[in-house]
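Q: Just need the structure, nothing else, for what follows:
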Amino acid sequence: MNKRTQLALATALVAALGLGVTGCSGGTTKGAGGGAGAANPAAANDGKILGGTPVKGGTLTVLSNQDFSHLDPARNWTMPAMDFGTRLLYRTLVTFKAEPGAAGSELVPDLATDLGTPSNEGRTWTFTLKEGVKYEDGTPIKAQDIKYNVERSFAPDLTGGPDYAAQYLAGTEGYKGPLQGKHLDSVKTPDDRTIVFELKRPVAEFSATATLPTFAPVPQSQEKGTQYDARPFSSGPYKIETYDRDKKLVLVRNEHWDPKTDTVRKAYPDRFVVVMGLKGVQIDDRIIASEGADASSVEYSNMRPESAPKVLPKPDVKARLLAESQGCTTMLHLNNSRAPFDDPKVREAMHYALDKEAVITAAGGPALNEVATAYLPPALTGGKQADTLKTAPAGDPAKAKELLKAAGKESLKVSLAVSTGDKGRAEAIQHGLARAGVEVVIDTIDPGAYYDSIGDLSTTPDMTFTGWCPDYPSGSTWIPFVFDGRTIKEKGNQGNYSQFRDEAVQKRIDEINAMSDAKQASQAWIDLDAEIMKKAPSIPVLLERKPLLVGTNIAGAFGHPVWTGAIDYATVGLKDPAKSQGQG
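A: Prediction:
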């Protein structure tokens, strides 16, 4: 399919997301477990820009309960770290417009002069870099630097990043990255401004793939291995002044960033200060009050569910709440690689045992969530999820007990690992499963370390609770990463947390990836979703919105639909920079 048609499809899908169908932070509900369509009281600022146009200058503070999982562009694949990194610290070949709603899904050139030129029936993609793009030390950004970062994404020590290069590039079997001096023949740089990617199959949406941090530049001279996380070399509008892990990150202007080469990033504040390690409710309370420096602050992670009563009934505070649909599905992943969840009947029982309504209550109620009934989020399925198993939102403990008894597992004891902020949801899962005789032992992990922990197969528990979001609006960015057994890694495992391996599913994934008609492929992904649901490797639980509070002095804030509802750091700033002086 040609590029124009593919982009039209992407725009249509995200337009659906922007109109209120829901993904990982999504939802309008009819009761606790209803479908989309009802008015959502929390979504008043969905698709809106808060605070007007920012004034240049001042210090914007980001209050966070965690450090970043990774800022190294070869390793950065979680939200909102990916949004933060690609909007402030480094640029990519292509990016998305900095606009709310459907307009935010539009691809625009970033370091490249255009969206790339396909040839060889979509198996070859060529990009030309803009003139005058520079790093923080004033040296020119070269095509070889982007090639080098793509190669770094294969290094076994640099875990956690997007897998698209490994999935798409030709001749990557056994490749272990450039740290030993070996390079990929399938990424060519005939000169300093030209980069050519040779793919193993046609990829119509490769322009969208080039928005990922993998396609940001890293000069080989700056290589620091795993230590690069602490000091990425800036190609964006800001550079790192200081970074005290788990405590504070300070960004200052990169004077060699030229806005004439960048149509997206506005770089309003003089400084960004990220204050880490705060309690979630503490962050909410500080921004609700907006006293002193907190008036010029935004929150990095979601508003806590228990803060909703302090916000939703108060019009002046609610007016500072963003609630964009995330476009993701949050799931309870069952570890299929070992007992008891290597038995499909036990997995099916878990679908009936879970009380999704209780999890919704723990997550802030139906104003901020709705029940998920399938894996693919509504933005990828025409606005409504399928309901293959037709389990009741509150579950069916009797049916679950019946299935467990048939499997010879009348009582179970299993482990569940969650991020610290998800403890309330975990307890709701625990109580629901207990009704069917399933005892759950909960392990809470610091958010900054969560994905590294559950991505290590030697420490992966029986169950994990996390979401998956499309990197761009295509089923090809969802099902292959979550349910293709060939993507599973011993360390740095991402997406397939259930460790689901099924040859029939893998064969169908390959067949859909080979389709040239995007409409046909979209329907095929939906049909495959239903087939995988019957095998029950994971349980879809929630569609959420991303509730984010901003201070009274914040301007230009909106939840970006592609960045899963996170604040777009490309355009956020302050109403009155003078009120932020001395902050951080």
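Q: the helices in the stretch 451-584 of the chain, which residues?
A: For the stretch 451-584 of the chain, applying DSSP state H, counting those that start in this stretch gives helices covering 479-483, 503-513, 518-535.
Q: Averaged pLDDT, the last one. What do you get?
A: Averaging the model's pLDDT scores along helix 518-535 yields 95.
Q: got the buried residues for that helix?
A: Within helix 518-535, the residues that count as buried by 16 or more other C-beta atoms under 10 Å are 518, 521-526, 528-529, 532-533, 535. All C-beta atoms are positioned from the backbone trio N, CA, C, and that covers glycine.
Q: for it, packing partners?
A: Counting contacts by 3 or more C-beta pairs under 8 Å, 6 or more residues apart in numbering; DSSP states H and E, helix 518-535 is packed against helix 3-18, helix 479-483, helix 503-513.
Q: rerun that using 10 Å as the cut-off
A: Applying 3 or more C-beta pairs under 10 Å, 6 or more residues apart in numbering; DSSP states H and E, we find helix 518-535 packed against helix 3-18, helix 344-353, helix 479-483, helix 503-513, strand 538-549.
Q: And for the second one?
A: Packing contacts for helix 503-513, counted by 3+ C-beta pairs under 10 Å, 6+ apart, involve helix 479-483, helix 518-535.
Q: helices and strands around the first one, which ones?
A: Just to be clear, that refers to helix 479-483. Using 3+ C-beta pairs under 10 Å, 6+ apart, helix 479-483 sits against helix 164-168, strand 329-334, strand 463-468, helix 503-513, helix 518-535.
Q: Any chance of those in TSV with distance to Ala374 as columns?
A: Output for the helices and strands packed on helix 479-483, formatted as TSV (distance: least, C-beta to C-beta, whole Å):
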stretch	distance to Ala374
helix 164-168	23
strand 329-334	8
strand 463-468	12
helix 503-513	15
helix 518-535	6
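Q: The ones you listed: which one's closest to Leu199?
A: Leu199 lies closest, by C-beta to C-beta, to one member of the helices and strands packed on helix 479-483: helix 164-168, at 5.0 Å.
Q: related to what we said a few turns ago, may I see the helices of the stretch 451-584 of the chain arranged in JSON lines, with distance to Asp294 as well?
A: Shown next, in JSON lines, are the helices of the stretch 451-584 of the chain (distance: least, C-beta to C-beta, whole Å):
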{"stretch": "helix 479-483", "distance to Asp294": "38"}
{"stretch": "helix 503-513", "distance to Asp294": "47"}
{"stretch": "helix 518-535", "distance to Asp294": "43"}
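Q: Look up the closest residue to Leu574, ignoring the ones flanking it.
A: Spatial nearest neighbour of Leu574, excluding adjacent residues (C-beta to C-beta, 6 or more residues apart in numbering): Gly58 at 4.5 Å.
Q: so what's the one you found up against?
A: Going by C-beta atoms under 10 Å, 6 or more residues apart in numbering, Gly58 touches 268-271, 296, 553, 573-581, 583.
Q: okay, who's weakest in those by pLDDT?
A: Gln583 (55).
Q: Glu106 reaches Ser207, doesn't it?
A: No: contact between Glu106 and Ser207 fails when scored by C-beta atoms under 10 Å: they sit 11.1 Å apart.
Q: Find the residue closest to Met331 in space, skipping its chain neighbours.
A: Nearest non-adjacent residue to Met331 (C-beta to C-beta, 6+ apart): Ser538, at 4.5 Å.
Q: Mind listing the residues bridging to the one you found?
A: Ser538 forms beta bridges with His333, as assigned by DSSP bridges.
Q: so Met79 touches Ala566, yeah?
A: Yes: if you go by C-beta under 10 Å, Met79 and Ala566 touch, sitting 5.5 Å apart.
Q: For Glu106 and Ser207, indicate the residue with more neighbours.
A: Ser207 (25 against 14; other C-beta atoms under 10 Å).
Q: Distance-wise, check that one relative to Phe127.
A: Distance, Ser207 to Phe127, using C-beta to C-beta, to the nearest Å: 9 Å.
Q: now Lys345
A: Distance of Lys345 to Phe127, computed by C-beta to C-beta: 50 Å.
Q: okay, the two: which has more neighbours?
A: A count of neighbours by other C-beta under 10 Å puts Phe127 above the other of Lys345 and Phe127, at 25 against 15.
Q: isn't there a strand covering the more buried one?
A: Yes: applying DSSP: H, G, I helix; E, B strand; the rest coil, one finds Phe127 inside a strand.
Q: Excluding sequence neighbours, find me the nearest residue to it.
A: Distances taken as C-beta to C-beta, 6+ apart place Ala112 nearest to Phe127, at 4.3 Å, with adjacent residues excluded.
Q: confidence score at the one you found?
A: At Ala112, the pLDDT value in this model is 98.
Q: Show me what it is bridged to.
A: Here Ala112 sits in beta bridges with Leu129, as judged by DSSP bridges.
Q: List the residues that contact Trp478.
A: Counting by C-beta under 10 Å, 6+ apart, Trp478 touches 328-329, 375-377, 380, 468-471, 495, 525, 529.
Q: before we move on, back to that, out of the helices of the stretch 451-584 of the chain, which is closest to Leu169?
A: Leu169 sits nearest to helix 503-513 of all the helices of the stretch 451-584 of the chain, at 14.0 Å, using C-beta to C-beta.
Q: ok, residues contacting the closest one?
A: Helix 503-513 has contacts (C-beta under 10 Å, 6+ apart) with 167-168, 201-203, 475-476, 479-480, 483-487, 500, 502, 520-525, 527-528, 531-532, 535, 537.
Q: In it, which residues are buried?
A: 505-506, 508-509, 512-513.
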